[in-house]
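K.L.:
predicted coordinates and the sequence they were generated for:
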Amino acid sequence: MVSVIFPAAGAGRRMKAGKNKVFLELAGAPILLHSLLKFSSLPAVGELIVVVAEAEVDYIGRLLAEVRGLKPYQVTAGGAERQDSITNGLKLLNPEADVVLVHDAARPLVSLETIEAVVRAAEEKGAAIAAVREKNTIKAVDAAGFVRETPPRENLWEVQTPQGFRRELLLRAYEKAAEDGFLGTDDASLVERLGEHVFVVESEYRNVKITTPEDLLIAEALLACPGERLKRTASTALKAAVAGLKAHWKKH
Ligand SMILES: Nc1ccn([C@@H]2O[C@H](COP(=O)(O)OP(=O)(O)OP(=O)(O)O)[C@@H](O)[C@H]2O)c(=O)n1
Ligand SMILES: C[C@](O)(CO)[C@H](O)COP(=O)(O)O
């Protein structure tokens, strides 16, 4: 069984919306809901663990109760850093979960194909991450503002989520990071420190992390393109979810 942890406890500072960006609307539904419904549509996924800020736990619990089509879920409080939030999510794992995915709630455009490919690779190889080939030239710059190095682009990949792991490996990696006081910017970096191999699954550029206001415009534009509109119209789960939410908002 696959468990999915959704870190959603950020403050969304770079989005400058004055609230947690995962509650902003994208194509008529909160960003968080796009992510939860997408994973819920996959048979292999058995549970969702949604990690939000402590002050949002009750609100999200009530909100999700109105949404149809979600896999069994739990909502818990996150911590100061993304890694702390995931640490809290890991404590709730169903004992039957053999593969754990971590997916930023702020990446609502991930495709089902990418999720399935990450699950398969995590099962086979132990650890797998979604990523795209770097399109820009990347430079390492020192504190004084001078270029120190231009790493060859053919070796560079821009890393996304989902990131998937055999349960035991991810738990071991998080324990070791806690012991060493190591803070990484993704989950795979914790596994890499154990000397384990992490497989890269080629993903799509459209799997953007909604971070700054222009990302939301890009995501709206991607969802509005003809092929996507068709898919969206066909998404009864999303429509039913939004109907439930609108009723909830009217009541509260
Ligand atoms: N303490 C934190 C920080 C981040 N996240 C989550 O991790 C994902 C990726 O983080 P990021 O895009 O940096 O989100 P924010 O931290 O909200 O953004 P910012 O850094 O601009 O405040 C988001 O889904 C975010 O909600 C989290 O669960 N707990
Ligand atoms: C995990 C991640 O999405 C990979 O790109 C990313 O590192 C999370 O970003 P954050 O801004 O550090 O939360």
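P.N.:
Cool, the structure landed. Numbering: from 1, shown residues only. Ligands and ions are numbered 1, 2, ... in the order given.
K.L.:
list the contacts for residue 22?
P.N.:
By C-beta atoms under 8 Å, 6 or more residues apart in numbering, the contact list for residue 22 reads 8, 10, 12, 30, 31, 32, 105, 106. C-beta here means a position set from N, CA and C on the backbone, and glycine is covered the same way.
K.L.:
any chance of the residues you listed in TSV, with secondary structure, distance to ligand 1 and neighbour count too?
P.N.:
Below are these laid out as TSV (DSSP: H, G, I helix; E, B strand; the rest coil; distance: C-beta to the nearest ligand atom, whole Å; neighbours: other C-beta atoms under 10 Å):
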residue	secondary structure	distance to ligand 1	neighbour count
8	coil	4	27
10	coil	2	22
12	coil	4	19
30	strand	12	23
31	helix	9	24
32	helix	8	24
105	coil	4	28
106	coil	4	25
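K.L.:
ok, which pair from those is furthest apart?
P.N.:
Spatially, the most separated pair among the contacts of residue 22 is 10 and 30, at 14.2 Å (C-beta to C-beta).
K.L.:
kindly format the C-alpha coordinates of stretch 114-130 as PDB.
P.N.:
Provided in PDB are the C-alpha atoms of stretch 114-130 (Å, rounded to 0.1, in the frame of the first residue of the first chain):
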ATOM      1  CA  THR A 114       4.500  10.800 -13.100                       C
ATOM      2  CA  ILE A 115       3.000   9.600  -9.800                       C
ATOM      3  CA  GLU A 116       2.700   6.100 -11.100                       C
ATOM      4  CA  ALA A 117       6.200   6.100 -12.500                       C
ATOM      5  CA  VAL A 118       7.600   7.300  -9.100                       C
ATOM      6  CA  VAL A 119       5.700   4.600  -7.200                       C
ATOM      7  CA  ARG A 120       7.000   1.900  -9.600                       C
ATOM      8  CA  ALA A 121      10.600   3.100  -9.300                       C
ATOM      9  CA  ALA A 122      10.400   3.400  -5.500                       C
ATOM     10  CA  GLU A 123       9.100  -0.200  -5.200                       C
ATOM     11  CA  GLU A 124      11.800  -1.500  -7.500                       C
ATOM     12  CA  LYS A 125      14.800   0.600  -6.500                       C
ATOM     13  CA  GLY A 126      14.000   1.900  -3.000                       C
ATOM     14  CA  ALA A 127      14.000   5.600  -3.700                       C
ATOM     15  CA  ALA A 128      12.800   7.700  -6.600                       C
ATOM     16  CA  ILE A 129      12.200  11.300  -7.400                       C
ATOM     17  CA  ALA A 130      10.400  13.200 -10.100                       C
END
